[in-house]
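**Q** Predicted model follows, preceded by the sequence.
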Amino acid sequence: MPVKSPISQIYALVRKDLLLEWRQRHALFGILLYVFSTVFVINLMVREPEERMWNAMFWVVQLFVCVNAVAKSFLQESRGRLLYFYSLVHPRYFIAAKLIYNVLLMMLFSSVTLVCCILFLGNPLLKPWYFLGVVLLGGVSLSLLFTMLAAIAAQASQNAALMAIMGFPLIMPILILLNNISQSAFSPVVQPGLGGMFIMLAGMDVLIIALALILFPFLWKE
Amino acid sequence: MAKNWWKILSVLLLLYVIIGGFMVPVPVIGNNQQAARSIFFHLPMWMAMYTLLTISVVNSVWYLATNDLRRDVRASSAASVGVLFGVMGFLTGMLWATYTWGGTIVNDPKQMTTAIALAIYMAYLVLRMSFTDIDKRARVSAIYNVFAFALLIPLTYIIPRTVDSLHPGSASSPGFSDKDTAGTIKMVLWPAFLGFTLLGIWIYTLRNRYKRLALKNIIHG
Amino acid sequence: MVNRISVSFFALMLLFVSTALGQDTASAVQQAAGQQNTETGAVNEFFRSNSKIYVAMGILVIIFSCITIYLVRLDRKITKLEKEK
């Protein structure tokens, strides 16, 4: 078999993950149900929250959805299968594929969460398209960081509680940033310093991707 | 004795700082009055913390490059002492805030982000405890350490600067350096930075030596 | 024991951050200004006496006690190691 180019290798891996996800639909629908029930519980408890509360609730739901959705991307792979991949592809392509796959997955879940929130918690948004953009961007940032953390947690004897311990403090700066950025969607005036915050968020994303690509090969060394 | 000159230097500097810190005249800054002298002891904590955490991350990267367990021991010791200094900085800040800002925890962005940063490093120490395999522990925690450090810098350096803070020197409050016309604060503050950082490194070497003894059989075996 | 201490401290940190995130800086400043001299009590009076010089003293006490606690813990660990040998 001829050696394939990195792009086609990554594409094949992402395709395999997506196919696998579609075949094991129970996990996918499990997460969707999770989103639905979480938002519904909030609805039962606070009915229609005010803007700030709405925003905060939304990002907290996002955080937990992300933890659950991304955690299984490494936890579902058995040890033998990981070794098999290890012999097939360079770890860097492997993590790149995982990152892309999780970003796609999280974009889907982010949109679903947004729809659920608007349905159950009312719609205080003045700029819905802007908010949708921020939500997709936020989904990307969250999934990038948690993919890498899931990879680390998978090494630590698949300890899911560990992922929360490691992840929540690390994700906080990103969540604060996202919360501040999305606040603009609730008011007609644009808050000052918005551009700077976007640059900072993009910078953090680039940083996480770069670190993931550099460090993952070390993590996989057995 | 020749190798220990910096320990003596540290002690002498700290003596100078403690005596000088209470003797030099300080300018009037906000409602600080004489509490402004706390700067000589509060600020160097952060300086020492950053130095130790930098030592820690450098050793972590070094470990990844060489797989030398001694590097990992250094990284963990430095992080542990770094967290100690971070906690001290946080506690001193809380006391100072109580009598100048009117609340122990006042939602100041710097106070908040450093609390997060400390939580990140505590998670590093908790992560280390969750392994039984020493090589795996070293590898995984080194990778987490790099992540932690990469987020520490934007968290404690960049984000607090974009928002208004109660800390002197930010947009709406007067800074210490502008008021320090006579240069008396600088005269004590710089030696304080050096003195406390050296003290931190000293404690770090002690912990490092202990850890190396504890792992002696494994490292040399 | 060490494990439990760090875990509980970690939880405390998370708790603090989560409560702190709820409010913004502007209200914090108002809050700080409002509370300024309304507190009473012996401890408060003590720290505010002599132009608040005792705040600096308190900070030195905190630093000293933290370092001492750390060194005592290290000392104990070394003693344990010596006994094993």
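**A** Now that the structure is in, tell me what you want to look at.

**Q** Residue 147: helix or strand, and which one exactly?
**A** Since no chain was named, I'll use chain A. Assigned by DSSP states H and E, residue A:147 belongs to helix A:128-155.

**Q** hmm, I had chain B in mind actually
**A** helix B:134-153.

**Q** Can you report the mean pLDDT over the residues of that helix?
**A** Average pLDDT, helix B:134-153: 89.

**Q** Quickly check: that helix near chain C or not.
**A** No: interface with chain C: helix B:134-153 contributes nothing (C-beta under 8 Å from any C-beta of the partner chain), its closest point being 13.5 Å away. Yep, even glycine has a C-beta here, placed from its N, CA and C like the rest.

**Q** and residue B:110, how far is that from residue B:93?
**A** As judged by C-beta to C-beta, to the nearest Å, residue B:110 and residue B:93 stand 8 Å apart.

**Q** out of those two, which sits in the busier spot?
**A** residue B:93 (25 against 18; other C-beta atoms under 10 Å in any protein chain shown).

**Q** quick check, the helix or strand containing the more buried one touching chain A?
**A** Using DSSP H and E, residue B:93 sits in helix B:69-100. No: using C-beta under 8 Å from any C-beta, helix B:69-100 stays clear of chain A, coming no nearer than 12.5 Å.

**Q** From the chain's centroid, how far away is that helix?
**A** The chain centre lies 5 Å from the centre of helix B:69-100; the measure is C-alpha atoms, centre = their mean, to the nearest Å.

**Q** before we move on, what about stretch A:106-114?
**A** 9 Å.

**Q** Residue B:51 and residue B:204 touch, don't they?
**A** No: look at residue B:51 against residue B:204 with C-beta atoms under 8 Å: they stay out of range, at 9.4 Å.

**Q** Tell me which of those two has more neighbours.
**A** Between residue B:51 and residue B:204, counted using other C-beta under 10 Å, residue B:204 has the larger neighbour count: 24 against 21.

**Q** That one against residue B:79, yeah?
**A** No: Residue B:204 lies out of contact with residue B:79 (C-beta under 8 Å); the separation is 9.5 Å.

**Q** Which neighbours do the two have in common?
**A** residue B:52 (C-beta atoms under 8 Å, 6 or more residues apart in numbering or on different chains).

**Q** Could you pull out the buried residues of the one helix or strand residue A:58 maps to?
**A** For residue A:58, the host element (DSSP H and E) is helix A:51-75. For helix A:51-75, a neighbour-count test (16 or more other C-beta atoms under 10 Å in any protein chain shown) marks A:54-55, A:57-59, A:61-63, A:65-74 as buried.

**Q** what's the helix holding residue A:147 packed up against?
**A** helix A:51-75, helix A:91-121, helix A:160-183, helix A:194-220, helix B:134-153 (3 or more C-beta pairs under 8 Å, 6 or more residues apart in numbering or on different chains; DSSP states H and E).

**Q** tell me how far it is from the chain's mean position?
**A** Distance, centroid of helix A:128-155 to centroid of chain: 3 Å (C-alpha atoms, centre = their mean).

**Q** Next, the angle helix B:134-153 makes with that helix.
**A** 150 degrees (axes from the mean of the first three to the mean of the last three C-alpha atoms, to 10 degrees).

**Q** buried set for helix A:128-155?
**A** Quick answer for helix A:128-155 (16+ other C-beta under 10 Å): A:131, A:134-155.

**Q** With stretch B:202-218 instead?
**A** So, applying 16+ other C-beta under 10 Å, buried residues of stretch B:202-218: B:202-204, B:206-208, B:210-212, B:214-215.

**Q** So which of these is the closest to residue B:166?
**A** residue B:203 (30.4 Å; C-beta to C-beta).

**Q** ok, and which of the buried residues of stretch B:202-218 reach chain C?
**A** Counting by C-beta under 8 Å from any C-beta, the members of these near chain C are B:203, B:206-207, B:210, B:214.

**Q** any idea how far chain C is from residue B:168?
**A** To chain C, residue B:168 is 14 Å away according to C-beta to the nearest C-beta, to the nearest Å.

**Q** hang on, that residue packs against residue B:35?
**A** No: assessed by C-beta under 8 Å, residue B:168 is found out of contact with residue B:35, at 11.8 Å.

**Q** what's around residue A:15, how many residues?
**A** The number of residues packed near residue A:15 is 12, by other C-beta under 10 Å.

**Q** At which residues are the helices of chain B located?
**A** Applying DSSP state H to chain B gives helices spanning B:5-23, B:39-66, B:69-100, B:109-129, B:134-153, B:159-162, B:176-179, B:184-214, B:216-220.

**Q** Correction: the previous question concerned chain C.
**A** Using DSSP H, helices in chain C cover C:2-21, C:25-35, C:42-84.

**Q** Now do the longest one: which elements does it pack against?
**A** Other elements packing on helix C:42-84 under the criterion 3+ C-beta pairs under 8 Å, 6+ apart are helix B:5-23, helix B:39-66, helix B:69-100, helix B:184-214.

**Q** need the ones you listed in JSON lines with mean pLDDT and distance to residue A:184, can you?
**A** As requested, the helices and strands packed on helix C:42-84 are exported to JSON lines (pLDDT from 0 to 100; distance: least, C-beta to C-beta, whole Å):
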{"stretch": "helix B:5-23", "mean pLDDT": "91", "distance to residue A:184": "45"}
{"stretch": "helix B:39-66", "mean pLDDT": "93", "distance to residue A:184": "32"}
{"stretch": "helix B:69-100", "mean pLDDT": "92", "distance to residue A:184": "30"}
{"stretch": "helix B:184-214", "mean pLDDT": "91", "distance to residue A:184": "40"}
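
**Q** What average pLDDT does the next helix-or-strand element following the helix holding residue A:58 get?
**A** Downstream of helix A:51-75, the next assigned helix or strand under DSSP H and E is helix A:79-88. The average pLDDT within helix A:79-88 is 74.

**Q** Any idea how many residues pack against residue B:184?
**A** 15.

**Q** closest point of chain A to chain B, which residue?
**A** Residue nearest to chain B within chain A: residue A:169 (3.9 Å; C-beta to the nearest C-beta).

**Q** That residue touches residue B:119, doesn't it?
**A** Yes: counting by C-beta under 8 Å, residue A:169 touches residue B:119, with 3.9 Å between them.

**Q** Comparing these two, which shows the higher neighbour count?
**A** More neighbours surround residue A:169 than the other of residue A:169 and residue B:119, with 26 against 23 (other C-beta under 10 Å).

**Q** To residue A:186, which of the helices of chain B lies closest?
**A** helix B:159-162 (19.9 Å).

**Q** For the closest one, what is the distance to the chain centroid?
**A** The mean C-alpha position of helix B:159-162 is separated from the chain mean by 19 Å, C-alpha atoms, centre = their mean.

**Q** Contacts made by stretch B:194-202 with the rest, please.
**A** Outside stretch B:194-202, the residues that touch it by C-beta under 8 Å, 6+ apart are B:6-7, B:9-10, B:13-14, B:16-17, B:44-45, B:47-49, B:51-52, B:55, B:81-82, B:85, C:67.
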